[in-house]
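1. model the structure of this input:
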Amino acid sequence: MSQNPQEKPEPPVFPAVNRQQPLTRREARQAREAEEAQAAQAQQQAPAPQQAQAQQPPADLPASVVDTRNPQTPGPWTPPPAETSSNRETLDGLDFDSVVTGPVPVDAARSEREPVGASARHEAAHGAAAGDHGRFDDSAHAIFASLADDSADSPDASGGGRGDSPLAWRQQNYFSHEPPKRKRRWLKRLVITLVVILVLGGLAAGGFMAFQPQVAALVAKVMPQNNDYTGNGTGSVTFTIKSGDDGSAIATNLQKAGVTKSYTAFYSLLLHQEPQIVWQPGVFKLAKQMSAKAALAALQDPSSRLQNTAVIPEGTAEKDALQTVATATKIPLAQLQQAAANPADFGLPAQAKTLEGFLFPATYTFPPGITAHDAIKTMVDRSFQALDQAGVPVADRWNDVILASIVQREAGLKDDYPKVARVFLNRLAQGWDLQSDATVAYGTGHTDRVTTTDAERADAANPYNTYVHAGLPVGPISNPGDLALNAVTHPADGTWMYFVTWNLKTGETIFSTTQAEHEAAVAKWQQWMKDNPGYE
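-> As a prediction, this is how the structure comes out:
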C-alpha cells in the first residue's frame, strides 16, 4: 500500500491461483504483438516454400503465451473448450469480494512495466511471498487453492490439457455471462406504424362515404365491370318511388327488388342524364333483370306507371281530394262520396258534417284493389297523426282545424303563417268579425280562389260568410297541412289586426295594427293590381 494517502492505490495483483499463472489481458496483448512481430520478421527472411513453417510459434516461446483462440494469430486456430460443470461449481463458490478488497501489492506498477512469461512470473511470485510483507495476501491463496488443485489434477476439465484453471478459462473466453439486453425499438416502431395506418384508414373511409356516388361513377368509367344486365328483363315487378326518394335511393331499391344488377350500373347512368331527372312518387310496373338503361326508360314511361298514387296538395278542398283519389285508384267517385257521407265512421268530431279539413294533404300510394272506405280512412288517420304531432288536444281538434283551414287558404309565404294566425286570434279576442274572403268564396262553391265581390261579402245566406257572421265559420274550408296546424298552435306574437297580400306574384304581405296603416297597405295592393292586369 502506498504511504501517501493522496496517491491513487495501485490495482490489486493476485497471487497465482494454479500451477501455471493465467495471463492478464495486457500480457496476452503484448505477447501477441511480440509474436506477430517475430512471425512477420521470420516470413521476410524465410524462403517462400517455408512460409507455412514460419507461421508456427517459436519453440522457445512459453506455451501459455500462445493464444490459440484467435484465428488471426499465427498457428492453427481451435474453438475454445466448453466450460464444464466442475469449473462452474468451483467458480460459483468463490468469494470474489475478498479478493478485490485484499491488500494491493506495492510492486504492481513495476510488474506491469516489466512483462515476463507466465511461468517466470509464477515462480517469482512464490519466491517472494515469504519475504515481502504486503506483496500478496495469503487469503487469495486460500480462495483460489481449489482452482489450482483442480487445474493440476484434471487438465482436461480446465481447458483441454492446456493447464488453464476454470477462472483463467472464463477470463480468456468470456467477457460476461449475461447477454446484453436488446432495446425493443421495434415495438415503438410497430405502435407508430399501427397508429398511422388507423388514421389514414379512417380518413380514407370518411372520404369514401362522403363521395361514394362520385367514386362509384369514376370507378365505373375507368374500370368497366360486368355489373349490368342486358335487355328488357323478364317477369313482372311492382316498384314504388316514395316521396323524398332521390336517385341514390332509387338505384339501391332497384337492385334490392332484382330489377337491376347493381347500384353502380343505374346510378352511373343517372349522372350522365341532362337535364337532371325529377322523380315523382308513384308505383311502376317493371321486370326482373332489366338493364339500367331499360329500367330508367320504364320509370320515365307514363305507360309503366300504375295509377294508384294520389297527390293531395295543401289547401285542397274535400271534393277535389276525392276526385284525385278516384282517378288514382280507379275507384268510382260515387263510391268515395258515399263513404265520405258518414264522417262519424272515421272518428271525426260530432260537429263534422263532411270530411272537410280531415283529409290530410300528402302523397298516397294505394295498393291495388283498395276499397273506397279504406282509402278515405288512410287519409283521415294521417290527419289525426298530424294533429297529435302539432300538440292539438282531441277536444280542440274541431276549432283548431277550422282556423288552420282558413290560415292555409289566406297565408302566402311560409314565414307569414304564424302572423296570419295571430291576426285572426286577435280579432276573435277583440270580438271582431274574421272578415275572411276565403271563407266567403268557399261558401259560394269557388274553392279555386279567395277573392270575393261586394255582393258575395254581403250575402247573409252564406253560412261561411265571416263578414256577416261572427266567430268561426260553421266548418273547415280546406284540408290544412302541417305548416298551418303548427301556426295555429304556435302563433306569432304581435298586435296586428289587418294583413294584405299586396304582391300576388311573390306573396309579400303587409301586417298592420291600425286602420290607417291598413288603408295604406290596401292602396299599395290596388296599385300593384293596376300594374299587373290579369290577377284576381
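2. got a list of contacts for stretch 379-396?
-> 312, 321, 325, 346-348, 355, 357-360, 362, 364, 397, 400-401, 479, 481-482, 485-486, 488-489 (Cβ atoms under 8 Å, 6 or more residues apart in numbering). For every residue, glycine as well, the C-beta is placed using N, CA and C.
3. show me where the chain has strands.
-> Here the chain has its strands, by DSSP state E, at 234-241, 282-288, 305-306, 309-311, 363-365, 498-503, 508-512.
4. can you redo those as CSV with distance to Asn462?
-> Compiled in CSV, these are given as follows (distance: least, Cβ to Cβ, whole Å):
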stretch, distance to Asn462
strand 234-241, 43
strand 282-288, 39
strand 305-306, 41
strand 309-311, 30
strand 363-365, 32
strand 498-503, 22
strand 508-512, 25
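5. buried deepest among those, which one?
-> Mean neighbours per residue, mean count of other Cβ atoms under 10 Å, is largest over the strands of the chain for strand 309-311, with a mean of 21.
6. partner strands of it, parallel or antiparallel?
-> strand 363-365 (antiparallel) (DSSP bridges).
7. and the contacts of stretch 379-396, which are buried?
-> Buried by 16 or more other Cβ atoms under 10 Å: 312, 321, 325, 346, 348, 355, 357-360, 362, 364, 397, 400-401, 479, 481-482, 485-486, 488-489, out of the contacts of stretch 379-396.
8. quick revisit: give me the subset of the contacts of stretch 379-396 lying in helices.
-> Ala321, Val325, Arg397, Asp400, Val401, Asp482, Leu485, Asn486, Val488, Thr489 (DSSP state H).
9. so who does Leu403 touch?
-> Neighbours of Leu403 in contact, by Cβ under 8 Å, 6+ apart: Ala421, Phe424, Leu425, Leu472, Val488.
10. could you identify the most distant pair in these?
-> Ala421 and Leu472 (12.9 Å; Cβ to Cβ).
11. which one's more surrounded, those two?
-> Ala421 (25 against 19; other Cβ atoms under 10 Å).
12. test my guess that that one contacts Val488.
-> Yes - the criterion here is Cβ atoms under 8 Å, and Ala421 meets it with Val488 at 5.2 Å.
13. shared neighbours of the two, anything?
-> With Cβ under 8 Å, 6+ apart as the test, Ala421 and Val488 both reach Leu403, Val407.
14. now the helix ranked longest in the chain: buried residues?
-> When the chain is parsed with DSSP H, its longest helix is helix 185-210. Neighbour counts over helix 185-210 (16+ other Cβ under 10 Å) mark no residue as buried.
15. ok, now stretch 450-457?
-> Val450, Thr452, Glu456, Arg457.
16. inside helices: which ones of the residues you listed?
-> Using DSSP H, the members of the buried residues of stretch 450-457 that fall in helices are Glu456, Arg457.
17. closest to Gly431 among the buried residues of stretch 450-457?
-> Closest to Gly431, out of all of these and judged by Cβ to Cβ, is Arg457, at 19.3 Å.
18. how much space separates Lys256 from Ser236?
-> 17 Å (Cβ to Cβ, to the nearest Å).
19. same question but for Pro361, I mixed them up
-> Distance from Pro361 to Ser236, by Cβ to Cβ: 32 Å.
20. OK, contacts around the residue lying closest to Leu425 once chain neighbours are set aside?
-> Once flanking residues are discounted, Leu425 sits nearest to Pro491: 5.8 Å by Cβ to Cβ, 6 or more residues apart in numbering. Contacts of Pro491 were listed using Cβ under 8 Å, 6+ apart, and they are Pro418, Lys419, Ala421, Arg422, Leu425.
21. tell me how far the second one lies from Val488.
-> So that's Lys419. Counting by Cβ to Cβ - Lys419 and Val488 are separated by 12 Å.
22. how about Asp416, what does it touch?
-> With Cβ under 8 Å, 6+ apart, Asp416 has these contacts: Phe499, Gly507, Thr509.
23. quick one on the thing from earlier: which members of the contacts of Leu403 occur in helices, if any?
-> Using DSSP H, these in helices are Ala421, Phe424, Leu425, Val488.
24. and of the residues you listed, the nearest to His373?
-> Closest to His373, out of all of these and judged by Cβ to Cβ, is Val488, at 29.2 Å.
25. nearest spatial neighbour of that closest one, skipping sequence neighbours?
-> Ala404 (4.7 Å).
26. for the one you found, give its distance to Gly357.
-> Distance from Ala404 to Gly357, by Cβ to Cβ: 8 Å.
27. over to Phe499?
-> 22 Å.
28. now do Leu194
-> Where Gly357 is concerned, Leu194 sits at a distance of 64 Å (Cβ to Cβ).
29. ditto for Pro367
-> Separation of Pro367 from Gly357 (Cβ to Cβ): 26 Å.
30. same deal with Ser85?
-> Distance from Ser85 to Gly357, by Cβ to Cβ: 107 Å.
31. do the same with Leu348
-> For Leu348, the distance to Gly357 - Cβ to Cβ - is 9 Å.
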